[in-house]
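Engineer: what's the 3D shape of this:
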Amino acid sequence: MTMPIIDADIRSADANWSWQSTASTIAMLNSWLQDTGSLTERLRRHCQHFNVQLQATRSHVKLSAEQQGWLGAKQANCREVLLLCDGQPWIYASSLYTQSAEQAVPALAGLGERALGELLFEHPQLTRSAFEFAQLNQAQWQGLQQTQQLTSLVNSTQLLPWARRSVLAIPQAQVLVTELFLPQEHVYQE
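Structural biologist: Purely as a prediction, here's the structure:
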């Protein structure tokens, strides 16, 4: 299902999360949060069938002061997806990129249900910034569950999810990528 591009003067879901330079998570999730390789490739190794479910694309999204610092702009395009393994959502991801990044890499605008990692990790000059981490509070998690239709997730431990963000950069294009590890305790076991 392809979602239409919506012009909106709103913020991304992660704009007000409490980002920090370290994460104190449960051990099995730490290796996932700290992994600098392609999350898409790692997910593919853990399931029979991997796919991307496009949730929304928006242009003219207002950036928080922190996001402006990462991208050097006041507005950006936003793409929100769920990454699914064997039909189950494992990751909620959002990507923020400027108009100039889209002009430098036109494929950013036409990813549809293709993983961003498949586009960027193919580039030989890809760099990734250091990660920042956030654990959602109850209100943030409940709000995201409603807007992203995640209320059916099984979470018997009632753990609040952790996220990471970093900038993936290739010459002339930067993308601020946020990946929220959905709280299904069994999925991140190696």
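
Engineer: for this structure, longest helix please?
Structural biologist: helix 138-147 (DSSP state H).

Engineer: so, low pLDDT: which residues of the chain?
Structural biologist: For the chain, the stretches with pLDDT under 70 are 1-9, 25-27, 151-158, 185-190.

Engineer: ranges for the helices of it?
Structural biologist: Per DSSP H, the chain carries helices over the ranges 27-34, 39-45, 65-71, 99-104, 116-120, 138-147.

Engineer: distance of the nearest residue to residue 108 once chain neighbours are set aside relative to residue 77?
Structural biologist: Leaving aside its chain neighbours, residue 108 sits nearest to residue 102 (5.0 Å; criterion: CB to CB, 6 or more residues apart in numbering). For the C-beta atoms, the positions are set from N, CA and C on the backbone; glycine is no exception. Distance of residue 102 to residue 77, given as CB to CB, to the nearest Å: 6 Å.

Engineer: what distance do you get for residue 137 to residue 94?
Structural biologist: Taking CB to CB, one finds residue 137 at 18 Å from residue 94.

Engineer: same check on residue 164?
Structural biologist: Distance from residue 164 to residue 94, by CB to CB: 12 Å.

Engineer: give me the common contacts of those two.
Structural biologist: residue 178 (CB atoms under 8 Å, 6 or more residues apart in numbering).
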